[in-house]
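Q: the amino acid sequence is not available; the structure is as follows:
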């Protein structure tokens, strides 16, 4: 193909992407490829530092660690793309752990029913957050910050300020979440997270709801003028975040078999950091589920890797901070590059 | 029990020479003295005590029981305030809030020099301060405040010795690595536990010709069990079979989870911890960990209030009372469980536990 024809094809792709191109853009972009490259580079780096890093045990440890973060980041990804933020996601997760523990261990409810109740409670919390933001117009930062404080106190009040321990841990529920997928060493909880991730990625890539989410986050005013009920879209995203937080809390209790009184403290930062590292736009309009998952993998790799190479403890936080800054800076560079290409394509067409 | 008999009992229990089995003693004293409560209370005015544990959690429930036992003897009012998310700043805020409530006595930790101004402010307001659990002895002396706690460094050394003895005599090891976690780096007391544990192991080497090494690290146990499990898991992978011990200075849950994830059998490596909460006792019974350490929290609560009483009613200062350092193993587990059940029952009765 000649250069002129190739340029014309590129301009056409930018101006009128095909359905397949749209789906691909919502699953993996150049950003996710770069993020994956970082995952591989870190893996190689830590393996050189300690060859034992390249072991199945380390990968299993990473898999278990990223499970709750991965589940939470699904909802947070949708919400960030829609242009909103939920700072209460960690507190909601912690509340879910405590609620599950209190129902299953102290009140002897069926464990699966208790999980359903924790999920339902999370959904209702998300609904409340969504109502504050979309109905009352409270900025999401403020609304969810208040909810964070409220849930921390509620969790402590529910537990009476003490840890909640699992009882009768020989029940199938606890055996399941501590166990592995049959025939493999993959933790069951990780498999559940993967399934949820695949479903979410499919929804985000192919559905009209997802298009509305992107449109809402990209330009809410334009989306409304195009007939998109942006309030409903955001509400749905808040509810999704809340429900997944409650579910993840129950799963986490099923694995570690207790809920500390400070369950979930700081978790919101890990989840949001994973999404940002993975390329989800902090101000809305872009992101992928895969990117958030890869962001969670990077954070978990740093934790295990720094331990394995004998680095001083405090470098964990420093490393995570550096990765976040580099990720955001890289993101800025890629966006400027994409904008320049779009501008060139537009001016070429006009010319 | 008459007034003089109660004072004699308290004087015996406050004997500094021995390590006090205060838990059972405090409960027994409380039960025995209840009938004389009215006579005891008449020795002084009704006072108000506020206990401010630096962090929420069931670890301080027995201390609350000890405080409530004494306060019911003395006819004092007792209040406990929580600090759901630990930080020095949050702890200072809790103390400042308590000062505003104008109690007679505040019992809390002095785990960081950042608390000193709050202590000084309380003393300026006429409040008697008592340190329990974690305290910096030098600062306590400057402030003229009683310290009722376990000697963290000495207990850490004892734990280190226990770890080395267990590895050497029970598991037949003469070399290998002990991982020693720290769930709250920067806290003076927790750091002392960790450093003491290292010292105990190294002292054992010198005395017995073993070659154990120690890897101290921050294991996030106080704040993020998910991360803590991953870090301990990575520690197991870092050393492989060279890791012969995993020692906690808070809770052993993440270590046990990491060990289970690596298919390490019970008793194959040395696992031990500070504290003797019900979950720790359960793990000892199951054979996952070799020991816990009962710090004597009921004693801390009880004697903290008693120290305040002696100061306020008799003008007698109490400098330091060391509780705890009672190792809990399978050998004495039944006795420890019996006294644990007592304070748990009381905690539920008082509403401190469900």
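A: Arrived safely. Note that the coordinates shown come from a computational prediction; the quantities given were computed from them, not determined experimentally.
Q: could you pull out the helices in the stretch 101-250 of chain B for me?
A: In the stretch 101-250 of chain B, the helices defined using DSSP state H, counting those that start in this stretch lie at B:116-124, B:137-143, B:152-165, B:188-208, B:225-239.
Q: out of these, deepest packed?
A: For the helices of the stretch 101-250 of chain B, the stretch with the most neighbours on average is helix B:225-239, a mean of 25; neighbours defined as mean count of other C-beta atoms under 10 Å in any protein chain shown. Placement of C-beta: from N, CA and C, glycine included.
Q: any bit of that one sitting next to chain A?
A: Yes: Helix B:225-239 lies within reach of chain A by C-beta under 8 Å from any C-beta of the partner chain, at B:225-227, B:229-231, B:233-238.
Q: Throw those into JSON lines and include pLDDT, thanks.
A: Formatted as JSON lines, the residues of helix B:225-239 next to chain A follow (pLDDT from 0 to 100):
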{"residue": "B:225", "pLDDT": "89"}
{"residue": "B:226", "pLDDT": "89"}
{"residue": "B:227", "pLDDT": "90"}
{"residue": "B:229", "pLDDT": "94"}
{"residue": "B:230", "pLDDT": "93"}
{"residue": "B:231", "pLDDT": "93"}
{"residue": "B:233", "pLDDT": "94"}
{"residue": "B:234", "pLDDT": "93"}
{"residue": "B:235", "pLDDT": "94"}
{"residue": "B:236", "pLDDT": "94"}
{"residue": "B:237", "pLDDT": "93"}
{"residue": "B:238", "pLDDT": "92"}
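Q: residue B:265 falls within a strand, correct?
A: No: with DSSP: H, G, I helix; E, B strand; the rest coil as the criterion, residue B:265 is located in coil rather than a strand.
Q: how many residues are close by residue 62?
A: Chain wasn't specified; assuming chain A. Using other C-beta atoms under 10 Å in any protein chain shown, residue A:62 has 23 neighbouring residues.
Q: hmm, I had chain B in mind actually
A: Neighbour count of residue B:62, defined by other C-beta under 10 Å: 32.
Q: which residues touch it?
A: For residue B:62, the contacting residues are B:23, B:297-298, B:301, B:343, B:347, taking C-beta atoms under 8 Å, 6 or more residues apart in numbering or on different chains as the criterion.
Q: which one is it nearest to, not counting chain neighbours?
A: The spatial neighbour of residue B:62 that comes closest, neighbours along the chain excluded (C-beta to C-beta, 6 or more residues apart in numbering or on different chains), is residue B:297 at 3.8 Å.
Q: list the contacts for the one you found?
A: The neighbours of residue B:297, taking C-beta under 8 Å, 6+ apart as the test, are B:23, B:59-63, B:66, B:133, B:323-324.
Q: CSV for the helices of the stretch 101-250 of chain B, including distance to residue A:31?
A: Rendered in CSV, the data for the helices of the stretch 101-250 of chain B read as follows (distance: least, C-beta to C-beta, whole Å):
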stretch, distance to residue A:31
helix B:116-124, 48
helix B:137-143, 52
helix B:152-165, 48
helix B:188-208, 41
helix B:225-239, 26
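Q: so for residue A:140, which of those sits nearest?
A: Comparing the helices of the stretch 101-250 of chain B against residue A:140 with C-beta to C-beta, the closest turns out to be helix B:225-239 (25.6 Å).
Q: just the buried residues out of the contacts of residue B:62, in PyMOL syntax.
A: Selecting the buried subset of the contacts of residue B:62 in PyMOL, with 16 or more other C-beta atoms under 10 Å in any protein chain shown as the burial test, is done by:
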select buried, chain B and resi 23+297+298+301+343+347
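Q: flag the least confident of the contacts of residue B:62.
A: In terms of pLDDT, residue B:23 ranks lowest among these, with 41.
Q: in chain B, where is pLDDT below threshold?
A: Counting by pLDDT under 70, the low-confidence segments of chain B come to B:1-43, B:84.
Q: show me what contacts the residue nearest in space to the middle of it?
A: Central residue check for chain B by C-alpha atoms, centre = their mean: the C-alpha nearest the mean position is that of residue B:295, 4.3 Å away. Residue B:295 is in contact with B:133, B:149-150, B:155, B:274-276, B:323-326, counting by C-beta under 8 Å, 6+ apart.
Q: with residue A:174 instead?
A: A:111, A:166, A:254, A:257.
Q: from the chain's centre, how far out does whichever strand or helix holds it sit?
A: In this structure, residue A:174 is located in helix A:172-178 according to DSSP states H and E. Once both centres are worked out by C-alpha atoms, centre = their mean, to the nearest Å, helix A:172-178 turns out to sit 24 Å from its chain's centre.
Q: next one: stretch A:65-75
A: Stretch A:65-75 sits 5 Å away from the centroid of its parent chain (C-alpha atoms, centre = their mean).
Q: and the longest helix for chain A?
A: For chain A, the helix with the greatest residue count under DSSP state H is helix A:315-350.
Q: just the contacts of residue B:62 now: which is nearest chain A?
A: Using C-beta to the nearest C-beta, residue B:347 is the member of these that lies nearest chain A, at 8.6 Å.
Q: for the residue nearest to that closest one when sequence neighbours are not counted, give me phi and psi.
A: Using C-beta to C-beta, 6+ apart and skipping residues adjacent in sequence, the residue nearest residue B:347 is residue B:353, 4.1 Å away. Backbone dihedrals for residue B:353, given as degrees, to the nearest 10, come out at phi -140, psi 160.
Q: done for today, thanks.
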